[in-house]
Every structure is written in C-alpha cells, then in structure tokens.
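Asks: Predicted coordinates and the sequence they were generated for:
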Amino acid sequence: MRVTIIGAGYVGLTTGACLSELGHDVICVDIDKERIARLKAGVFPFREAGLDEIMIRNMACRRLRFSDHLASAVRGRDIVMVAVGTPKGVRGEADLAFVRQAAQSFAPFLSPRTVVTLKSTVAVGTAREVREIIAEERGALDFWVTSNPEFLREGSAVSDFLTPDRIVIGADDRDAGERLIKLYRPLLDRGVPLVETGTADAELIKYAANAFLALKIGFTNDVADLCEVTEGDINSVAKGIGLDPRIGTAFLKPGPGYGGSCFPKDTEAFAWIGRALNAPQPLIEALIARNDYRKRHIAERVLKEIAGISGAQVAVLGAAFKANTDDVRESAALQIVPALQKANVGVKMFDPWASGNAAPLLPSATWAEDPYDAAQGADLLLILTEWEMFRSLDPARLAEALRRPVVFDCRNLFDPEQMALYGFRYVSLGRANVPRERRWRSNPLPNNRQKAASPST
Ligand SMILES: NC(=O)c1ccc[n+]([C@@H]2O[C@H](COP(=O)([O-])OP(=O)(O)OC[C@H]3O[C@@H](n4cnc5c(N)ncnc54)[C@H](O)[C@@H]3O)[C@@H](O)[C@H]2O)c1
Ligand SMILES: O=c1ccn([C@@H]2O[C@H](COP(=O)(O)OP(=O)(O)O[C@H]3O[C@H](CO)[C@@H](O)[C@H](O)[C@H]3O)[C@@H](O)[C@H]2O)c(=O)[nH]1
C-alpha cells in the first residue's frame, strides 16, 4: 500500500521504517526541512535499537523515502498517517495544534477515498474534529478519518512495532477500517490480536492504557515505601503479586517516578478529559501528584544523606528517562539534579547516550567520561537510569573513587548484602538496607499488642 506519514519523529520514523519493512511504499514528511535533508543523507535524529538497519535497507530499495514536498507526498496515497507531537497544554490537556495544522496543510492534496489515520495520541473526539477540518479545506467528504493509536516504547520501538500485543483500529466507517486491516495484514496473519472499534474508543484506549500502566508504577513505588519501613523487599512483593495473572509481573519495578515523553503528559491529558467531560478520574489525579512528589522526595532523601558536608559533591549516573534511549524528556534527572544544585551540591554526571541531549538542559552540571570518573571524589553516587553498563560496575573501583562510600540506587541494580560487604552504605528503593539477620524479628506496627491487651479497647 502507498502510505505517507506526517511527522518524522520517534513514532513517525519507527512506523514508517517498519511499514516499509512489511513491504509497503512509505514516504515520511516533516515540516522540519533540515531533519528531512539529514534523513535523506542517512543521518538519523535519535538512537533506537535496530532502527538504523531497517531504515538503511528500505531506503536503499526506495520503499522508504523522505520528502518536504507535501503536495506530491500526499497525492494518490492510500493512507495518510498523522504522527506529529501532542505536547502538554497549559491546563494539562493534549495540545492538538500540530495535529490541526498538519490536517489543514495536507487537506488540499488528499486524493478521493484516501484514509487519514491518527497515530498521534489525541483527545477523544479528535478524529471527528480532524474530519471537519479537512472537509472545510476540501469542500468534499470523499475521504475518511480513523484512529490507530501506537503502543511502542522507546528503547524497544522496532520490536514493539513489529511484534505488538495488539493492533487497535478505530474507524466509524467499515471501508476505512478494512483499509487499515489490509495495512497490518502481515502482522495480523502472524496472529497479532486486532481490536476493531469506533474512533472515540480507540482514542480512549490509548490514554487508558498509559494511565493504567502509570498507575501500576505509582502503586509499586508506594508499596516500595512500605517495604522500606517494614524492612522488606519490593522484588519479592512484586513477584508475589505479579504471578497472579490478573495483576501481571510487568511494570512493577520501583524507581524515581515515571518520566518520558508519554506517561507524564498522557496521565495529565487523561485527567483533563475526565474533568472536561465531567467524568472525573481521581485515581489518576492522585497518581500525577504522587509521581511529582516522588521525584522531589528522592532529592530530599539524597540531601539528607549528605547533610552537614560543606561543598558536597554528588555523582549522578543516568540522564535518560529510561535505559536504551537518548531521550531525556521528563527524566528524573531533570527534576532531581536542579533540586540538588539549589542546595549548593555540586553534580558530576554520566550517561552513555543521553549526555548530549541533557547537557543544555542541565547547564550547571559537569559531565564525566565514564561512571568511575563521575564517582571520583564524590560524597554520594546516585543512580537514576537502569543502564546495563551500570549494573556491571565494579563495586571495588567505585569504593576507591568515592570520597564517602554511599550509593543511592533508584533502580535497585545491586545486591544490598554484596554492597554491605564492600563497605558501602547502600540505599535502594523498597529494600531493607540492613542484612537479613539484623532485620526486625517482631511486628513493626507500633503498639498492636498493647492495644489488644488494654481493658479500655
Ligand atoms: N515517543 C513515543 O514513545 C510514543 C509512543 C506512542 C505514541 N506516541 C505519540 O505519538 C505522537 C508523536 O510523538 P513523537 O515522540 O514521535 O514526537 P516527536 O516530537 O519525536 O516528533 C514529532 C514530529 O512531527 C513534526 N511535525 C510537527 N508538526 C508537523 C506538521 N504540521 N507537518 C509535518 N510534521 C510536523 C515535528 O517536526 C517532529 O519531527 C505523540 O502524540 C505521542 O504522544 C509517542
Ligand atoms: O516497572 C516500571 C516500568 C517503567 N518505569 C518508568 O516508567 C517510564 C516509562 O517507561 P516505558 O513505559 O518503558 O517507556 P515509554 O517509551 O515512555 O513507553 C510508554 O509510553 C509510550 C507512549 O505513549 C507507550 O506507547 C508505551 O506503551 C508505554 O510503555 C520510565 O521513566 C520508566 O523508568 C518504572 O519506573 N517502573
């Protein structure tokens, strides 16, 4: 099929490359002319495992092309897919300005019977609004607007796209839905489940999925806090609940609060939709506040660990919002590092991929060559991203480099008992910081037995 993708960002490029890999003829368009020129020259704007190879292969056989000439890229195509950004608006809503602008700009060039589909994450009702926008520009209703939300994760975008858990197709018209089913036929034939529904449901599925996943993380973080005061282990608790298939083991890892380009903005947009339509979402409202608090609280805990040290230095490992990406949007580092610096703490950082994107946003931080260089002379080592290379760091070298052997690990990369053997004060999330044999032997809840025994109760 002939497919044009509007917006050559994370989602647009991954989708374009993967659809060309499935055999479709794909043109990616972007308003950023420089980006298109670089893409044509084989210079890719971000790092994503496996994407370069697919792009290079499909560019070579011209199944994947790039263009900044909208008219020729849109005329005569079977599907025009919108994958532009939908950032957070001033009241938390998804700002749909890019979607509206894109629709206005390509509308005059749409051929009759083209199916427009929204890949971007958009508010409920946007497909219908886009249909009106295009109709105003064209003066004819010889096209369809559908919804096809995307569930890929950064860091595993290619495999998520090519082996998805499900494909959601939202169409208010059967023929339009059939066109999208044909697009995904190679994946559907491999047994990928299909959810066919109306456009509004498809739009809501995307937000509800992200809100639910974010809730799992927020809940895990709260349970981790409880594990800390009961000298427990969040890993065991998460496994113990997650093996119930109704709960599932995924997304039960504690951390410094979820970040990235999606969960923070999408939970806010979901809550906003609830407020706007008078169907409030108090669970998600609480989650948003709690996640924000979590990042502030981690900074407070770090400051407590180094209280009283004048000219304190902290080594921060990890600027990306998660491992295997160079994306720093809403990463924990962007909130925690400035909070440390505000308290006059010096920060030296390291990230294997994301330092280039983070450095302009954290101008007062200095950057290290490697993790040991970051740790050199620091009073505390703070781990914010779960990079595999951090997991295999040598504790003996770290102990030697640090001025004080304190590690605050927000990704639980090390075994607490091992770290104790190396002489570290090792703080991780949701795990006891004391060896098992020195943990409580009695009920940690205060005064239970006294209360039960008291004649007045
Ligand atoms: N990043 C993810 O992991 C992910 C996953 C699923 C869904 N989404 C959703 O997909 C959408 C895109 O996200 P992204 O991370 O790819 O964004 P992005 O910022 O990486 O890319 C958006 C691209 O659209 C281009 N653009 C903006 N207006 C345009 C126009 N009028 N015409 C042509 N190009 C235009 C921009 O120049 C940019 O290159 C968002 O709605 C996001 O919520 C993102
Ligand atoms: O158990 C977990 C899992 C994740 N995270 C954090 O949650 C955030 C988001 O992680 P992840 O979901 O892996 O990355 P994204 O690339 O943002 O992907 C999410 O957002 C995308 C955009 O909407 C969706 O398409 C994906 O399905 C959804 O997982 C990151 O800060 C992670 O560190 C945790 O703290 N604990």
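Replies: Alright, I've got the coordinates. Numbers count the residues shown, from 1 in each chain. Ligands and ions are numbered 1, 2, ... in the order given.
Asks: what residues are up against whatever residue of the stretch 201-350 of the chain ends up closest to ligand 1?
Replies: Nearest to ligand 1, among the residues of the stretch 201-350 of the chain, is Ser261, at 4.8 Å (CB to the nearest ligand atom). In this view, the C-beta of every residue, glycine as well, is placed from N, C-alpha and C. Under the criterion of CB atoms under 8 Å, 6 or more residues apart in numbering, the contact partners of Ser261 comprise Tyr10, Glu154, Phe321, Asp327, Arg329, Glu330.
Asks: distance of the residue in the chain that ligand 1 sits nearest to from Phe44?
Replies: Across the chain, the shortest distance to ligand 1 (CB to the nearest ligand atom) belongs to Gly9, at 1.7 Å. Taken as CB to CB, to the nearest Å, the spacing of Gly9 relative to Phe44 amounts to 12 Å.
Asks: Compare neighbour counts for the two and give me the winner.
Replies: In terms of neighbours (other CB atoms under 10 Å), Gly9 is the more surrounded of Gly9 and Phe44; the figures are 20 against 17.
Asks: For that one, give me the pLDDT.
Replies: Reading off the per-residue confidence, Gly9 sits at a pLDDT of 96.
Asks: In strands, which of the contacts of Ser261 appear?
Replies: Using DSSP state E to define strands, no part of the contacts of Ser261 is located there.
Asks: Return the member of the residues you listed nearest to Ile169.
Replies: Relative to Ile169, the closest of the contacts of Ser261 is Tyr10; by CB to CB it sits at 21.2 Å.
Asks: Let me see the ranges of the helices in the stretch 151-300 of the chain.
Replies: In chain order, the stretch 151-300 of the chain shows helices spanning 157-162, 174-183, 185-188, 199-229, 234-242, 263-276, 282-305, with DSSP state H, counting those that start in this stretch as the criterion.
Asks: How about the contacts made by the residue of the chain closest to ligand 1?
Replies: Taking CB under 8 Å, 6+ apart, we find Gly9 in contact with Asp30, Pro45, Ala83, Val84, Gly85.
Asks: Take these and lay them out in TSV including pLDDT, secondary structure and distance to Val158.
Replies: Shown next, in TSV, are the contacts of Gly9 (pLDDT from 0 to 100; DSSP: H, G, I helix; E, B strand; the rest coil; distance: CB to CB, whole Å):
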residue	pLDDT	secondary structure	distance to Val158
Asp30	98	coil	19
Pro45	91	coil	15
Ala83	98	coil	15
Val84	98	coil	21
Gly85	98	coil	20
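Asks: Now do the phi/psi pair for Gly346.
Replies: Its backbone dihedrals place Gly346 at phi -80, psi 140, with angles given as degrees, to the nearest 10.
Asks: about what we covered before: out of the contacts of Gly9, who's nearest Arg75?
Replies: Asp30 (17.7 Å).
Asks: Chain neighbours aside, what residue packs nearest to that closest one?
Replies: Ala8 (4.0 Å; CB to CB, 6 or more residues apart in numbering).
Asks: surely that neighbour meets Ile27?
Replies: No - with contact defined as CB atoms under 8 Å, Ala8 and Ile27 do not form a contacting pair (10.1 Å).
Asks: rewinding a little: separation between the residue of the stretch 201-350 of the chain closest to ligand 1 and Pro371?
Replies: Distance of Ser261 to Pro371, given as CB to CB: 26 Å.
Asks: dump the residue contacts of the closest residue to Arg391 other than its chain neighbours.
Replies: Nearest residue to Arg391 in three dimensions, chain neighbours excluded: Leu413, at 4.6 Å (CB to CB, 6+ apart). Shown in contact with Leu413 (CB under 8 Å, 6+ apart): Ile383, Glu386, Phe390, Arg391.
Asks: what would these look like in a markdown table with distance to Asp244?
Replies: Written out in a markdown table, the entries for the contacts of Leu413 read as follows (distance: CB to CB, whole Å):
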| residue | distance to Asp244 |
| --- | --- |
| Ile383 | 30 |
| Glu386 | 25 |
| Phe390 | 31 |
| Arg391 | 28 |
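Asks: ok, and the most crowded of the residues you listed?
Replies: Among those, Ile383 has more neighbours than the rest - 24 neighbours, counting by other CB under 10 Å.
Asks: That one pairs with what?
Replies: Note on Ile383: beta-bridge partners by DSSP bridges are Leu317, Asp409.
Asks: So it sits against Leu317, correct?
Replies: Yes - between Ile383 and Leu317 a contact is recorded at 4.8 Å, counting by CB under 8 Å.
Asks: Which neighbours do those two have in common?
Replies: Jointly contacting Ile383 and Leu317 under the rule CB under 8 Å, 6+ apart are Phe390.
Asks: quick one: buried residues of stretch 258-275?
Replies: 258-274 (16 or more other CB atoms under 10 Å).
Asks: that older thread, what two of the contacts of Gly9 have the greatest distance between them?
Replies: Checked with CB to CB, these reach their widest spread between Pro45 and Val84, with 14.5 Å between them.
Asks: Counting neighbours, go ahead and name the busier of these two.
Replies: Neighbours per residue (other CB under 10 Å) separate Pro45 from Val84, with Val84 holding more: 25 against 16.
Asks: show me what contacts the more buried one?
Replies: Under the criterion of CB under 8 Å, 6+ apart, the contact list for Val84 reads Ile6, Gly7, Gly9, Gly12, Phe98, Val99, Gln101, Ala102, Ser120.
Asks: wait, isn't the fifth one in contact with Gly85?
Replies: Yes - look at Phe98 against Gly85 with CB under 8 Å: they come within range, at 5.4 Å.
Asks: can you give me the helices in the stretch 301-450 of the chain?
Replies: Secondary structure of the stretch 301-450 of the chain, counting by DSSP H, counting those that start in this stretch: helices at 332-342, 355-358, 371-375, 388-391, 395-401, 416-421, 448-453.
Asks: Of these, which is nearest Ile133?
Replies: The closest of the helices of the stretch 301-450 of the chain to Ile133 is helix 355-358. By CB to CB, the value is 33.1 Å.
Asks: quick one: contacts for the residue sitting nearest the centre point of the chain?
Replies: Here the mean C-alpha position of the chain is nearest to the C-alpha of Gly260 (CA atoms, centre = their mean), at a distance of 3.8 Å. Residues counted as contacts of Gly260 (CB under 8 Å, 6+ apart) are Glu154, Phe321, Lys322, Asp327, Arg329, Glu330, Ser331.
Asks: and if we set it to 6 Å?
Replies: Phe321, Glu330 (CB atoms under 6 Å, 6 or more residues apart in numbering).
Asks: what's the answer for Ala333, then?
Replies: Counted by CB under 6 Å, 6+ apart, Ala333 has contacts Ala319, Leu384.
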